[in-house]
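*Asks:* sharing a model that was predicted from the sequence below.
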Amino acid sequence: MVTDLVMTAPAIEQVWAWLHDVPDPEIPAISIIDLGIVRDVAWNEGECVVTITPTYSGCPAMAVIAEAIEQALKNHGIEQIRLTTQLSPAWTTDWMTDSGKTKLKGYGIAPPAQQAIDISGISRRNAPAVPAVACPHCGSGNTRCTSQFGSTPCKALYQCIDCREPFDYFKCH
């Protein structure tokens, strides 16, 4: 007796769990789920559709992330995959998980600050607000921005005045 095997698609929750294991190529300590760039996962006529939003338009890591998503899903038996890029609404650090922010700090990158100190009256009129950033190494709030451009466009370079260590700060946007 021959029976036909009916392939059932994995549950959406399972696909999300698999994607949670895909690291960000620029910050391998954090997953693409923790980063908040995966916006949606859905099944459409047997095809797994993953919607992603780049951290900023033109992010060079998106091609690598797309390949990693496809490979992760293929490794779990999903052959029909379509990646969709959604630019609006624009990605925001508010989409990062609390766990992801904790992982950033453990990796030595200050997570996005929730508050800013207005220095417009101190340095020059209409100066941009500089975030109050705690050092991920020693926890001190006595830090200074040394460059608005860090190792990647989404990060700024800071230095802790107390422990003297330089560190990246994941810009809030």
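*Replies:* Nice, thanks for sending it over. Numbers count the residues shown, from 1 in each chain.
*Asks:* CA atoms for contacts and neighbours, from now on please.
*Replies:* Noted.
*Asks:* elements contacting the longest helix anywhere in the chain?
*Replies:* As assigned by DSSP state H, the longest helix anywhere in the chain is helix 62-75. Under the contact criterion of 3 or more Cα pairs under 8 Å, 6 or more residues apart in numbering; DSSP states H and E, helix 62-75 touches helix 12-20, strand 81-85.
*Asks:* quick one: the helices in the protein?
*Replies:* Using DSSP H, the helices of the chain run over 12-20, 32-35, 62-75, 98-107.
*Asks:* quick one: which of these is nearest Phe167?
*Replies:* Evaluated over the helices of the chain, closeness to Phe167 peaks at helix 98-107, with 10.2 Å, by Cα to Cα.
*Asks:* buried ones in that closest one?
*Replies:* Gly100, Lys101, Thr102, Lys103, Leu104, Lys105 (16 or more other Cα atoms under 10 Å).
*Asks:* equivalent analysis for stretch 84-100, please.
*Replies:* Buried residues in stretch 84-100, defined by neighbour count with 16+ other Cα under 10 Å: Thr85, Gln86, Trp91, Thr92, Thr93, Met96, Thr97, Gly100.
*Asks:* same check, this time on stretch 156-166
*Replies:* Neighbour-count burial for stretch 156-166 [16+ other Cα under 10 Å]: Ala156, Leu157, Tyr158, Gln159, Cys160, Pro166.
*Asks:* residue closest to the middle of the protein?
*Replies:* Nearest to the mean C-alpha position of the chain, counting by Cα atoms, centre = their mean, stands Leu35 at 2.5 Å.
*Asks:* now it. Nearest residue, chain neighbours left out?
*Replies:* Met96 (4.7 Å; Cα to Cα, 6 or more residues apart in numbering).
*Asks:* please apply the same query to Tyr169.
*Replies:* That would be Ala110: by Cα to Cα, 6+ apart, it lies 4.6 Å from Tyr169.
*Asks:* and that neighbour, how many neighbours?
*Replies:* Around Ala110 there are 27 other residues, counting by other Cα atoms under 10 Å.
*Asks:* give the bridge partners for Ser147, please.
*Replies:* Assessed by DSSP bridges, Ser147 has beta-bridge partners Leu157.
*Asks:* show the pLDDT at it.
*Replies:* In this model, Ser147 is scored at 93, pLDDT.
*Asks:* what does Val2 give?
*Replies:* At Val2, pLDDT is 49.
*Asks:* repeat that for Cys154.
*Replies:* 84.
*Asks:* next up, the contacts around it.
*Replies:* Thr55, Tyr56, Phe170, Lys171 (Cα atoms under 8 Å, 6 or more residues apart in numbering).
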